[in-house]
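> Here is my input, please return the structure:
(one chain, ligands or ions: 1)
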Amino acid sequence: MELLGATLTELQEYCAKLSQPAFRGKQIAGWLYNKGVSGVDEMSNLSKPLRTLISETSTLSRSRIVTGTTASDGVLKLLLELTDGNRIETVVIPYPDRLTVCISSQVGCAAGCAFCASGGLGLIRNLTAGEIVDQVLTAQACADKRVTNVVYMGVGEPLLNYENVVKSIRLLTDEVGISARHITVSTVGVTPRIVRLAREKMQVTLAISLHAPHDDLRKELIPLAGKYPLKDLLAACQIYAHTTGRRVTAEYVLLAEVNDSIADARELARLLKGMLCNVNLIPYNPVAGIGYKRPGPLRVAAFRKTLELADIPVTQRFERGDAVMAACGQLRRSEMAEGESP
Ligand code: SAH
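Numbers count the residues shown, from 1 in each chain. This is a model prediction of the structure:
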């Protein structure tokens, strides 16, 4: 049995099989998710014979840090190696009053977004709940501080790894102690799964990668979106917002001359009118070898103003140093270019 990623109930069942009292399960959960240990031997309130028994009947898989690069503003980019040799990336972003971690949900990605560094690489496999939680624990250890916010905005499409992502969210809230309201799941918009997520009754923020005000352009930018028309997607977002009482974030990556005109902004405002949502504008972060460009600051400001005049709440993602949260897959991609990663 793999310990990291197991729920408290699963750990208690495991202890019962070893003829141990249930409170041992609670102790193990504390070591895993609160203390973030990397070996059973560190569980010092368990007897030596019990630790040996656990070691013989379970595994505790933690990632290995391949590289950790800190930018001048303190943003830390981690390249992590999983036990099977696959590599993923995690970004740790310190703010004065919080510590945010941007985590990956899959190795590679199947969404194929035209502008994204992970787009052409394809999906290798889903991450387990343990591998998702590991990223938060590793970030916490590197920063020597409690993580307060988690965004599922690294590599992968979280809603195409639904079970493991939901399990990881429950572990982060119930065991690691992160408030669900401080967790954001970003998706290309897998409509049926959004409705299902609404029913989980979790208070997580849902972010939709919108990126275009109409289906034709959206399909071009996000091939997977072809399966999920905007009309149905936005209806699912309304269900999510009304079931959870939480405003949905519509992410909009601004690509010069592609989706950044005033006409696009007006069309976007019409599309979102009356919805419980806000728009998060993300000036594109250029990727080597991909032709899209970031619009200039005046163009970004005009786009923003147009939305605001139409009463659409807007936030803007500001880049911090060279380490950008939106740099989905860029680290892994550059490593692969150097031939270092599978
Ligand atoms: N698969 C999920 C989550 C991963 S990416 C999703 O698509 O929502 C998180 C956000 O960063 C998405 O909105 C994605 O479109 C955006 N993104 C990816 N590459 C980017 C880049 N180079 N510059 C700006 N935003 C980017």
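
> helix or strand right after the helix or strand containing Gly68?
Assigned by DSSP states H and E, Gly68 belongs to strand 64-70. As assigned by DSSP H and E, the chain's next helix or strand after strand 64-70 is strand 76-81.

> Pairing partners for that following strand, with directions?
For strand 76-81, the paired strands and their directions (DSSP bridges) read strand 64-70 (antiparallel), strand 87-94 (antiparallel).

> From the chain's centroid, how far away is the last one?
So the one you mean is strand 87-94. Taking CA atoms, centre = their mean, to the nearest Å, one finds strand 87-94 lying 10 Å from the centre of the chain it belongs to.

> Also stretch 97-109?
4 Å.

> cool, and stretch 229-239?
Offset of stretch 229-239 from its chain centre (CA atoms, centre = their mean): 21 Å.

> Can you pull the residues of this protein lying near the ligand?
For the chain, the contact set with the ligand under CB under 6 Å from any ligand atom comprises 111, 113, 115-116, 153, 157, 186-188, 209, 251, 253, 282, 284-285, 287, 326, 328. For glycine as for every other residue, the C-beta is placed from the backbone atoms N, C-alpha and C.

> Just the CA trace of the strand holding Gly68, in PDB.
Taking C-alpha atoms only, strand 64-70 is exported to PDB below (Å, rounded to 0.1, in the frame of the first residue of the first chain):
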ATOM      1  CA  ARG A  64      13.200  14.200  -5.700                       C
ATOM      2  CA  ILE A  65      14.100  17.800  -6.500                       C
ATOM      3  CA  VAL A  66      16.000  17.800  -9.800                       C
ATOM      4  CA  THR A  67      16.400  21.600  -9.900                       C
ATOM      5  CA  GLY A  68      15.100  24.500  -7.900                       C
ATOM      6  CA  THR A  69      15.600  28.000  -9.500                       C
ATOM      7  CA  THR A  70      14.800  31.100  -7.500                       C
END
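
> my guess is Pro283 meets Arg294, correct?
Yes: judged on CB atoms under 8 Å, Pro283 makes contact with Arg294 at a distance of 4.9 Å.

> So for the two, which residues contact both of them?
Leu254 (CB atoms under 8 Å, 6 or more residues apart in numbering).

> so Cys237 makes contact with Ile194?
Yes: Cys237 lies in contact with Ile194 (CB under 8 Å); the separation is 6.7 Å.

> So for these two, which sits in the more crowded spot?
Neighbours of Cys237 and Ile194, each counted by other CB atoms under 10 Å, are more numerous for Cys237; the result is 26 against 23.

> which residues does the more buried one contact?
Cys237 touches Ile194, Leu206, Ile208, Val248, Met275, Cys277, counting by CB under 8 Å, 6+ apart.

> So what's the residue count around Leu159?
With other CB under 10 Å as criterion, Leu159 counts 23.

> Give the helix, strand or coil label for the nearest residue to Val253 once chain neighbours are set aside.
The spatial neighbour of Val253 that comes closest, neighbours along the chain excluded (CB to CB, 6 or more residues apart in numbering), is Ile282 at 4.7 Å. Here Ile282 is recorded as strand under DSSP: H, G, I helix; E, B strand; the rest coil.

> State the three-state secondary structure for whatever residue of the stretch 1-150 of the chain ends up closest to the ligand.
The minimum distance from the stretch 1-150 of the chain to the ligand, using CB to the nearest ligand atom, falls at Cys116 (4.0 Å). Under the three-state scheme (three-state DSSP), Cys116 adopts coil.

> quick one on the thing from earlier: go through the strand holding Gly68 and flag the buried ones.
Under the neighbour-count criterion of 16 or more other CB atoms under 10 Å, strand 64-70 has Val66 buried.

> same deal with stretch 115-135?
By neighbour count on 16+ other CB under 10 Å, the buried set for stretch 115-135 is 115-119, 121, 123-124, 126-135.

> do the same with stretch 153-168
Within stretch 153-168, the residues scored as buried using 16+ other CB under 10 Å are 153-162, 164-168.
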